[in-house]
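Chemist: Requesting a structural model of the entry that follows:
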Amino acid sequence: MNPKVAARQARLLQMLENGDEIRIGRERDCPLPLAQLTKLTEDHPDVVKVYGQGLTAEVFHLKVEGHHWCLKRCRPDSLVANVDGKTAFLTELERRREIESLRELHPTILSNVVCTSFGSARAGVLVSPWLRGDPVRRLNERNLAQMLAVEAELARWGWFDWDPSPGNLLDDGQQISVFDFGYMWPFDPLHEFNSNGLSDPAFHVAERLETRTLSGLWLEEAEPLPLFRHWRELCLAWAKGELQYLSREGASAPVLARMQGLVGEWSAALASEQALAANWWRDMYRSHRLDIADDLSGKSCGPMTLRRLDWLEQAVREHFPALADNLGFDEAGLGQAALLQRLGGLREQIRANLLPTRTSQPAR
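Modeler: Predicted structure coming up:
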């Protein structure tokens with residue numbers, strides 16, 4: 001395992017075992033006494049609605065004296081059965097504490113990232129103003145640009161979000177807001193590719209959005225390529241802007257070379273319709289494959305996991321030449337039949353790790 005990841009996981013597991021406290025804000029800023037917040041049930045008069053489908057926490061929409069609040073309460077046992085899932089609430093508390101500290105110095109930054117009023121690891125609660133909006137369900141030019149902008153701003157400040165999934169990106173019809181930080185870890189953007197350091201250059205802001213949100217939503221689109229072209233134009237503009245910024249700030253040679261590579265890759269993809277289609281098949285294959293691996297790792301598979309597998313099998317049957325030269329290390333060199341056999345073996349693994357059916361509500 002990556003030593004940086006191993007050290008982070010060991011530290012958080014030790015904190016969890018010790019019952020260490022992470023605290024944000026003041027109890028007196030809570031809408032109700034802390035003792036009540038830890039024991040609220042859906043029949044409490046101040047509870048508007050409970051969203052119980054989150055994998056690491058449940059969310060209460062509160063209305064107290066005319067003001068709307070979000071209470072996020074940690075599950076006793078995370079439904080994501082890996083280390084990062086078990087420690088996600090601690091991770092979120094750390095990120096929220098860091099963000100609020102930075103906002104004290106720079107009040108106007110991260111305007112589309114949720115504010116935190118109070119948080120406590122020992123109490124297992126996070127309190128914030130209620131954000132209007134719903135999980136992203138359809139893509140358009142506006143929300144694509146806003147998703148990229150807010151995730152890029154977080155990265156520039158040194159936080160890499162591994163899980164910008166639809167339930168963590170709330171859309172009120174006008175603006176995208178980021179709500180969840182359970183899989184977000186710090187990194188040095190001048191000297192690292194992401195929070196894994198320099199070992200995984202394939203993971204970047206645009207890739208994470210494609211893997212966790214866009215690829216799944218594009219399953220619903222009969223003609224995704226026109227909007228994908230717009231997305232690639234946004235990505236290219238972001239990469240060019242980041243390259244200028246990183247060069248000006250004195251970023252290391254590996255970081256600059258990697259960003260130059262993205263500029264070249266996306267410029268080539270936009271050169272023709274054929275190149276764009278090839279880029280689409282390659283990157284969507286990568287995204288669906290990565291998301292399935294993530295679900296299997298956390299034993300948190302659902303209907304979408306099976307839909308992604310269906311897409312992969314169809315892509316291999318119909319577009320194998322576009323994929324063959326860009327498969328991951330564990331599939332590189334496989335022929336079409338062997339790759340289909342490999343994917344078919346995933347189906348039973350997915351079915352063995354299916355979570356109980358959950359309603360589609362904000363994960364928050």
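Chemist: where do the helices sit along the stretch 251-364 of the chain?
Modeler: All helices of the stretch 251-364 of the chain, identified by DSSP state H, counting those that start in this stretch, fall at 253-269, 273-297, 303-323, 336-352.
Chemist: Let me know whether residue 167 touches residue 180 as I believe.
Modeler: Yes. Using C-beta atoms under 8 Å, residue 167 makes contact with residue 180 at a distance of 7.4 Å. No exception for glycine: its C-beta is placed from N, CA and C like everyone else's.
Chemist: Need the helices of the stretch 251-364 of the chain in TSV (columns: mean pLDDT, mean neighbour count and distance to residue 41).
Modeler: TSV is the format used below for those (pLDDT from 0 to 100; neighbours: other C-beta atoms under 10 Å; distance: least, C-beta to C-beta, whole Å):
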stretch	mean pLDDT	mean neighbour count	distance to residue 41
helix 253-269	98	16	49
helix 273-297	96	19	31
helix 303-323	95	17	29
helix 336-352	95	14	33
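Chemist: Quick one: closest of the ones you listed to residue 7.
Modeler: Closest to residue 7 of the helices of the stretch 251-364 of the chain is helix 273-297 (C-beta to C-beta; 19.0 Å).
Chemist: low pLDDT regions in the protein?
Modeler: 357-364 (pLDDT under 70).
Chemist: What segments of it are strands?
Modeler: Using DSSP state E, the strands found in the chain span residues 23-25, 47-51, 57-64, 67-74, 118-120, 125-129, 134-135, 159-161, 169-171, 176-178, 184-186.
Chemist: And the last one, what's buried?
Modeler: Going back to what we said before, that points to strand 184-186. 184-185 (16 or more other C-beta atoms under 10 Å).
Chemist: Direction included, what does it pair against?
Modeler: Neighbouring strands of strand 184-186 in its sheet, by DSSP bridges, are strand 159-161 (antiparallel).
Chemist: Measure how far the strand it pairs with is from the centre of its chain, please.
Modeler: 9 Å (C-alpha atoms, centre = their mean, to the nearest Å).
Chemist: Outline the domain layout of the chain.
Modeler: 1-130, 272-352 (automatic domain parsing).
Chemist: Distance from the chain centre to the shortest one, please.
Modeler: Pointing back at domain 272-352 there. Using C-alpha atoms, centre = their mean, the offset of domain 272-352 from its chain centre is 19 Å.
Chemist: does residue 70 really touch residue 129, like I thought?
Modeler: Yes. At 7.0 Å, residue 70 counts as touching residue 129 under the criterion of C-beta under 8 Å.
Chemist: So for the two, which residue has more residues nearby?
Modeler: residue 70 (22 against 13; other C-beta atoms under 10 Å).
Chemist: Dig out what the closest residue to residue 69 other than its chain neighbours forms beta bridges with.
Modeler: Nearest residue to residue 69, sequence neighbours excluded (C-beta to C-beta, 6 or more residues apart in numbering): residue 62, at 4.3 Å. As for beta bridges, residue 62 partners with residue 47, residue 69 under DSSP bridges.
Chemist: From residue 99, how far off is residue 238?
Modeler: Per C-beta to C-beta, to the nearest Å, residue 238 is found 21 Å from residue 99.
Chemist: for residue 27, that is, sorry about that
Modeler: In terms of C-beta to C-beta, residue 27 sits 20 Å off from residue 99.
Chemist: do the same with residue 141
Modeler: 28 Å.
Chemist: which one of these two has more residues nearby?
Modeler: Per other C-beta under 10 Å, whichever of residue 141 and residue 99 has more neighbours is residue 99, with 21 against 12.
Chemist: got the contact list for that one?
Modeler: 110, 113, 116, 159, 181 (C-beta atoms under 8 Å, 6 or more residues apart in numbering).
Chemist: how about the nearest residue to residue 277, chain neighbours excluded?
Modeler: residue 225 (6.5 Å).
Chemist: Please list all residues in contact with that neighbour.
Modeler: Contacts of residue 225 (C-beta under 8 Å, 6+ apart): 273, 276-277, 280.
Chemist: Now do residue 121 against residue 114, distance only.
Modeler: Residue 121 sits 18 Å away from residue 114, going by C-beta to C-beta.
Chemist: hang on, the earlier thing: between the helices of the stretch 251-364 of the chain, which gets nearest to residue 136?
Modeler: helix 303-323 (13.8 Å).
Chemist: Can you show me the CA trace of the closest one as PDB?
Modeler: Only the C-alpha atoms of helix 303-323 are listed here, as PDB (Å, rounded to 0.1, in the frame of the first residue of the first chain):
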ATOM      1  CA  PRO A 303     -28.200  -1.400  -8.800                       C
ATOM      2  CA  MET A 304     -25.900   1.300 -10.400                       C
ATOM      3  CA  THR A 305     -22.900  -1.000 -10.000                       C
ATOM      4  CA  LEU A 306     -24.700  -3.600 -12.100                       C
ATOM      5  CA  ARG A 307     -25.700  -1.000 -14.700                       C
ATOM      6  CA  ARG A 308     -22.100   0.100 -15.000                       C
ATOM      7  CA  LEU A 309     -21.000  -3.500 -15.600                       C
ATOM      8  CA  ASP A 310     -23.700  -3.900 -18.300                       C
ATOM      9  CA  TRP A 311     -22.200  -0.800 -20.000                       C
ATOM     10  CA  LEU A 312     -18.700  -2.200 -19.800                       C
ATOM     11  CA  GLU A 313     -19.700  -5.500 -21.400                       C
ATOM     12  CA  GLN A 314     -21.500  -3.700 -24.200                       C
ATOM     13  CA  ALA A 315     -18.500  -1.400 -24.800                       C
ATOM     14  CA  VAL A 316     -16.100  -4.300 -25.000                       C
ATOM     15  CA  ARG A 317     -18.400  -6.100 -27.500                       C
ATOM     16  CA  GLU A 318     -19.000  -3.100 -29.700                       C
ATOM     17  CA  HIS A 319     -15.900  -0.900 -29.300                       C
ATOM     18  CA  PHE A 320     -13.100  -3.100 -28.300                       C
ATOM     19  CA  PRO A 321     -10.500  -1.600 -30.700                       C
ATOM     20  CA  ALA A 322     -11.000   1.800 -29.100                       C
ATOM     21  CA  LEU A 323     -10.300   0.300 -25.700                       C
END
